[in-house]
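Student: no sequence on this one, just coordinates:
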């Protein structure tokens with residue numbers, strides 16, 4: 001019996017900055033890589049409308065809560081997965097519509113579930129942090145870990161991904177809850193995901209801040225940070241991250 005394998009993408013889409021220039025690249029990227037699950041951050045109604053057209057074989061979470069259309073959403077192949085439930089956990093963030101956005105999926109061909117969580121933590125250069133040196137992300141990661149413990153049991157397969165805005169501490173803190181970075185599991189050094197130099201002039205920082213972590217009986221077999229261009233455009237000011245997972 002062949003193992004069930006699926007791909008998962010996390011991508012910060014940079015709200016509507018230069019969207020008319022980037023949209024063809026986003027469409028081409030999704031057509032080329034065809035991720036089965038897509039976790040997007042920095043969404044806006046305009047980009048949601050285009051993503052719905054770019055991903056005709058996918059469903060997304062349809063919810064009236066503003067964060068699902070103005071911050072984050074999760075798209076999934078409707079021939080592979082079926083939604084069981086979804087929700088948002090408040091992380092007490094200064095960004096009003098952000099939080100830990102999650103979905104529990106039924107894998108259509110198997111009698112099992114998959115829990116996927118998507119997050120966008122507070123940026124390092126927020127005004128408070130620049131003034132005080134205090135990081136919002138430490139407490140946000142603690143709340144993430146506690147929330148995930150209450151939402152899933154130790155036997156469920158779980159993926160947590162998103163823009164962590166920190167290359168070290170949130171992933172380190174989630175490791176204490178049993179989550180492992182997929183690049184480390186594969187013995188790989190993750191390439192920086194910010195900045196995409198062709199799209200932004202923010203050269204003062206270079207970091208691997210877009211992460212995918214997993215827990216449970218699920219195995220990453222591939223992880224990559226594709227430097228994708230189409231018609232001289234990247235898809236965002238961040239590079240995307242894609243992983244292939246196997247359930248065996």
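Tutor: In hand now; what should we look at? The shown structure was predicted, so the numbers you read here are calculated from the model rather than taken from an experiment.
Student: name the SS class of residue 173, please.
Tutor: helix (DSSP: H, G, I helix; E, B strand; the rest coil).
Student: give the contact list for the residue lying closest to it once chain neighbours are set aside.
Tutor: Leaving aside its chain neighbours, residue 173 sits nearest to residue 141 (4.2 Å; criterion: C-beta to C-beta, 6 or more residues apart in numbering). Heads up, the C-betas are built off the backbone N, CA and C, glycines and all. Going by C-beta atoms under 8 Å, 6 or more residues apart in numbering, residue 141 touches 121, 169-170, 173-174.
Student: helix or strand: which one has residue 141?
Tutor: Assessed by DSSP states H and E, residue 141 sits inside helix 136-151.
Student: ok so residue 46 is a strand residue?
Tutor: No - secondary structure of residue 46 (three-state DSSP): helix, not part of a strand.
Student: ok, it to residue 199 distance?
Tutor: 18 Å (C-beta to C-beta, to the nearest Å).
Student: thinking again about what came up before, next helix or strand past the helix holding residue 141?
Tutor: strand 157-163.
Student: name the surrounding residues that touch that next one.
Tutor: With C-beta under 8 Å, 6+ apart, strand 157-163 has contacts from 8, 10, 12, 39, 41-42, 72, 112-121, 144, 148, 152, 174, 179, 209-218, 238, 241, 245, 247.
Student: low-confidence stretches in the protein?
Tutor: 1 (pLDDT under 70).
Student: could you pull out the strands for this protein?
Tutor: 4-12, 37-41, 58-60, 72-77, 81-89, 100-107, 113-120, 157-163, 180-181, 210-215, 219-224, 241-247 (DSSP state E).
Student: for residue 24, which of those strands is the nearest?
Tutor: Nearest to residue 24, of all those, is strand 4-12, at 15.5 Å by C-beta to C-beta.
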